[in-house]
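Chemist: fold the following.
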Amino acid sequence: VPPGLQSTVDTAVQKGNNMGISKEDWLDTLEWLEEELRKEVDDPRARLPVDRKGAKLLYTINPREAMFFPLSISAVGKIFYAAQTEWTFSSENFDVTNYGLYSGDDEASRIMSGRLVKAMQELGCQELILAECGHGFNSNRWEAPEWLSRKYGFPVKSILQIIALYIQEGRITLDPKKNNKLVTLHDPCNLVRFGGIVEEQRYILRHAVEHFVEMYPNREKNYCCGGGGGQLAMTQFSQRRIEAGNVKADQIKKTGAKVVATPCHNCIDQLMELNKHYKLGIEIKTVAEIAADALVLDKKG
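Modeler: Next comes the predicted model:
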């Protein structure tokens, strides 16, 4: 196993998440994000709940969100707030990623996915909701029952499925005029080809933006961003990633889009590098961030 990839697996097994974030730092992050959320929605009762027993949904994140992309966390918190969802984070078992999928270490994979099952059982939640992370969804939705040698006793869903459902049920209202730039969508390999989450993100974007254009090809036929297979954890493949990403850069250019939405933080990291190297002049956002920007909030009584 390449050292960079093995290091990521080791950190996750030993520290509880792949960025080695301590429980104290995680809770501190949620505290200040909660303060910002309350200001944004103008409601002192808005919360980013932690260890809330009996909550319907347990929401898990890619630890890169806490370290580098906190707006991704805030966006989902804002959507849950608008939908009046009963949900929670775990203070200890919050990592949706599982790099054992890439290293082929089934025992490490079992440990990592097993932590989410443990959190579900300890908190008594009904559904496990996975953040916008391609391999995290594939790992925990499809592969984990094999690693754990048992079926889940609860549904496992992508946050995209939840947001799409909220739109369908009228639990949240979106104003596409709030997102008036031309938006295109990159399909993460693990989420779409291997995971089966294909139309939910499109449904959300069609309700959240004024102008949406598809890449070609798209859906299961879309091109990899060039950062797949765990390569982002392996510095020796940096140049190879950028060169391979030329195909994706050209695909983005042909759409004329100013914003690229992608429901995967590995893809976001790769696209950010492609944006800089190929001078694409684009913004890169998660689908939840775009949906949160379009939210129409009712004043709570």
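
Chemist: OK, contacts around residue 255?
Modeler: Contact analysis of residue 255 by Cβ atoms under 8 Å, 6 or more residues apart in numbering lists 182, 184, 213-215. In this view, the C-beta of every residue, glycine as well, is placed from N, C-alpha and C.

Chemist: try it again at 6 Å.
Modeler: Applying Cβ atoms under 6 Å, 6 or more residues apart in numbering, we find residue 255 in contact with 184, 213, 215.

Chemist: likewise for residue 1?
Modeler: Listed by Cβ under 6 Å, 6+ apart, the contact partners of residue 1 are residue 103.

Chemist: can you tell me how far residue 157 is from residue 196?
Modeler: 11 Å (Cβ to Cβ, to the nearest Å).

Chemist: settle it for me: which of these two has more neighbours?
Modeler: Set side by side, residue 157 and residue 196 show more neighbours around residue 157, with 18 against 15, by other Cβ atoms under 10 Å.

Chemist: tell me the bridge partners for that one.
Modeler: Taking DSSP bridges as the rule, residue 157 bridges to residue 129.

Chemist: show me where the stretch 151-300 of the chain has helices.
Modeler: Along the stretch 151-300 of the chain, counting by DSSP state H, counting those that start in this stretch, helices occupy 159-169, 189-192, 200-208, 238-244, 246-255, 265-277, 287-293.

Chemist: among these, which is nearest residue 28?
Modeler: Of all the helices of the stretch 151-300 of the chain, it is helix 265-277 that lies closest to residue 28, at 20.8 Å by Cβ to Cβ.

Chemist: gap between that closest one and the chain center?
Modeler: 15 Å (Cα atoms, centre = their mean, to the nearest Å).

Chemist: tilt between that helix and helix 246-255?
Modeler: If you take axes from the mean of the first three to the mean of the last three Cα atoms, to 10 degrees, helix 265-277 sits at 80 degrees to helix 246-255.

Chemist: just checking, what packs against helix 265-277?
Modeler: If contacts are counted by 3 or more Cβ pairs under 6 Å, 6 or more residues apart in numbering; DSSP states H and E, helix 265-277 sits against strand 283-285.

Chemist: okay, now the sheet partners of the strand it packs on, with direction.
Modeler: Strand 283-285 has the following sheet partners, assigned by DSSP bridges: strand 259-261 (parallel).

Chemist: which residues sit against the partner strand?
Modeler: Strand 259-261 is contacted by residues 181, 183-186, 282-285, 287, 290 when judged by Cβ under 6 Å, 6+ apart.

Chemist: now with 7 Å?
Modeler: Applying Cβ atoms under 7 Å, 6 or more residues apart in numbering, the external contacts of strand 259-261 come out as 181, 183-186, 205, 252, 271, 282-285, 287, 290.

Chemist: just these now: which is nearest residue 128?
Modeler: residue 287 (18.9 Å).

Chemist: from what I can see that closest one touches residue 203, true?
Modeler: No - counting by Cβ atoms under 7 Å, residue 287 sits too far from residue 203 to count as a contact (10.1 Å).

Chemist: looking at the two, which is more packed in?
Modeler: A side-by-side neighbour count of residue 287 and residue 203, using other Cβ under 10 Å, places residue 287 first with 26 against 15.

Chemist: the residue nearest the centre of the chain and residue 235, how far apart?
Modeler: The centre of the chain sits closest to residue 132, judged by Cα atoms, centre = their mean, with a distance of 1.7 Å. For residue 132, the distance to residue 235 equals 24 Å [Cβ to Cβ].

Chemist: please apply the same query to residue 154.
Modeler: Going from residue 154 to residue 235 by Cβ to Cβ gives 38 Å.

Chemist: more crowded one of these two?
Modeler: A direct count of neighbours by other Cβ under 10 Å for residue 154 and residue 235 places residue 154 higher, at 14 against 11.

Chemist: in the stretch 51-200 of the chain, what residue spans correspond to strands?
Modeler: For the stretch 51-200 of the chain, applying DSSP state E, counting those that start in this stretch gives strands covering 57-60, 87-88, 127-130, 156-158, 182-185.
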